[in-house]
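Peer 1: quick one, fold the following:
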Amino acid sequence: MNSYTPEEPIEIVLIEDNPGDVRLTQEAFNSVESDVTFQVVTNGVEAGRYFSELDGSDPDDHPDLVLLDLNLPRSDGFDVLDILAEEIEYPPPPVLILSSSESKADIIKSYEKAANAYLTKPQSPTEFDSMAQAIESFWIDTAQHAPVEACA
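Peer 2: Residues are numbered from 1 along each chain as shown. Next up, the predicted model:
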């Protein structure tokens, strides 16, 4: 069986409209051992455009991981999940919901729309660091992603 683990640097698309949460997330990933770069997208419409523009591009240019807030302006995180499922013709990277919502309905709906994980936003910088280390440990170091060839 072919397995694929992203090579460094790890490209993360952070879809988040709150500048404070963007900063905390980026700073938290400075505490991990992997070399991580971010592409920040601030609303759902821009996220849809970002993923549509990847269609037909070099698979090596595709992100390795998506961190997606649900509460976005213009088009919410559920709309972004719909775009990934219905309109994108390549296997999307793992999508982790990173939301302040603890609503069971939001959690259920996220998984129904093929999110790979649902994480509640941490409350402190230390908790953000712990979250980043857990994401690195599982989603970057351990989980096998779809091979790049599957995207071609």
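Peer 1: what bridges to the most centrally placed residue in the chain?
Peer 2: Compute the mean C-alpha point of the chain, and by CA atoms, centre = their mean the closest residue is Val66, 1.3 Å away. Val66 has these beta-bridge partners by DSSP bridges: Val13, Val95.
Peer 1: what does the least confident helix or strand in the chain by mean pLDDT contact?
Peer 2: Ranked by mean pLDDT, DSSP states H and E, the helix or strand of the chain with the weakest confidence is helix 44-54, at a mean of 90. The set of residues external to helix 44-54 that reach it, using CB atoms under 8 Å, 6 or more residues apart in numbering, is 13, 15, 39, 41, 61-62, 68, 72-77, 79-80, 83-84, 87-88, 90, 92. C-beta coordinates here come from the backbone N, C-alpha and C atoms, glycine included.
Peer 1: out of these, which are inside strands?
Peer 2: Val13, Ile15, Gln39, Val41, Leu68 (DSSP state E).
Peer 1: among those, which pair sits farthest apart?
Peer 2: Gln39 and Leu68 (12.5 Å; CB to CB).
Peer 1: compare the two and say which is more crowded by neighbours.
Peer 2: A count of neighbours by other CB atoms under 10 Å puts Leu68 above the other of Gln39 and Leu68, at 25 against 12.
Peer 1: surely that one touches Ile97?
Peer 2: Yes. Using CB atoms under 8 Å, Leu68 is in contact with Ile97, at 5.5 Å.
Peer 1: find residues that contact each of those two.
Peer 2: Gly77, Ala115.
Peer 1: any low-confidence regions in this protein?
Peer 2: Scanning the chain for pLDDT under 70 picks out 1-6, 147-152.
Peer 1: ranges for the helices of it?
Peer 2: 19-29, 44-54, 77-86, 104-112, 125-135 (DSSP state H).
Peer 1: the shortest one - contacts with which helices or strands?
Peer 2: In other words, helix 104-112. Under the contact criterion of 3 or more CB pairs under 8 Å, 6 or more residues apart in numbering; DSSP states H and E, helix 104-112 touches helix 77-86, strand 117-120.
Peer 1: adding distance to Leu54 and mean neighbour count, write these out as CSV.
Peer 2: CSV is the format used below for these (distance: least, CB to CB, whole Å; neighbours: other CB atoms under 10 Å):
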stretch, distance to Leu54, mean neighbour count
helix 77-86, 11, 19
strand 117-120, 21, 16
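Peer 1: okay then, goodbye and thanks.
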